[in-house]
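*Asks:* mind folding the following:
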Amino acid sequence: PWYTPLTASWNPTKWPRFQFNPIMFRLLPLILTFCELIKLVPEGTTKTQVMLQAGGIGCAEGGMTGCFTPAWLMVGRKPL
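*Replies:* Next comes the predicted model:
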């Protein structure tokens, strides 16, 4: 299904899925906070990651329950 990349995995080679397992869910913000402190990543990276991770979990749960599916939006412009 389309939500598979947003579900948890214990396999570290499956990076997008690996960050959703319970250990990385708590560890990744700490790693990013440390990286912010040593100026390796821009300030606010941790907040952005937490927000995107929460959104991904919500999308995956919505997909698993069948509440919604992703849609494709195409915006066109009439030539002048």
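*Asks:* in whichever helix or strand T48 is part of, what's buried?
*Replies:* Element membership for T48, per DSSP states H and E: helix 45-65. Neighbour-count burial for helix 45-65 flags 46, 49, 53, 56, 59-60, 63 (criterion: 16 or more other Cβ atoms under 10 Å). From N, CA and C alone the C-beta is placed, and that goes for glycine too.
*Asks:* can you redo those as a markdown table with pLDDT and distance to M74?
*Replies:* Below are the buried residues of helix 45-65 laid out as a markdown table (pLDDT from 0 to 100; distance: Cβ to Cβ, whole Å):
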| residue | pLDDT | distance to M74 |
| --- | --- | --- |
| T46 | 93 | 34 |
| Q49 | 90 | 29 |
| Q53 | 87 | 28 |
| G56 | 85 | 24 |
| C59 | 85 | 20 |
| A60 | 86 | 25 |
| G63 | 85 | 22 |
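*Asks:* turn the residues you listed into a markdown table, including distance to P1.
*Replies:* As requested, the buried residues of helix 45-65 are exported to a markdown table (distance: Cβ to Cβ, whole Å):
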| residue | distance to P1 |
| --- | --- |
| T46 | 30 |
| Q49 | 24 |
| Q53 | 19 |
| G56 | 14 |
| C59 | 12 |
| A60 | 9 |
| G63 | 6 |
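*Asks:* so which of those comes closest to K78?
*Replies:* C59 (32.6 Å; Cβ to Cβ).
*Asks:* show me where pLDDT drops low in the protein?
*Replies:* The chain contains residues with pLDDT under 70 at 73.
*Asks:* list the residues that contact the nearest residue to T4 once chain neighbours are set aside.
*Replies:* In this structure, T4 finds its nearest non-sequential neighbour in R17, 7.5 Å apart by Cβ to Cβ, 6 or more residues apart in numbering. For R17, the contacting residues are 4-9, 11, by Cβ atoms under 8 Å, 6 or more residues apart in numbering.
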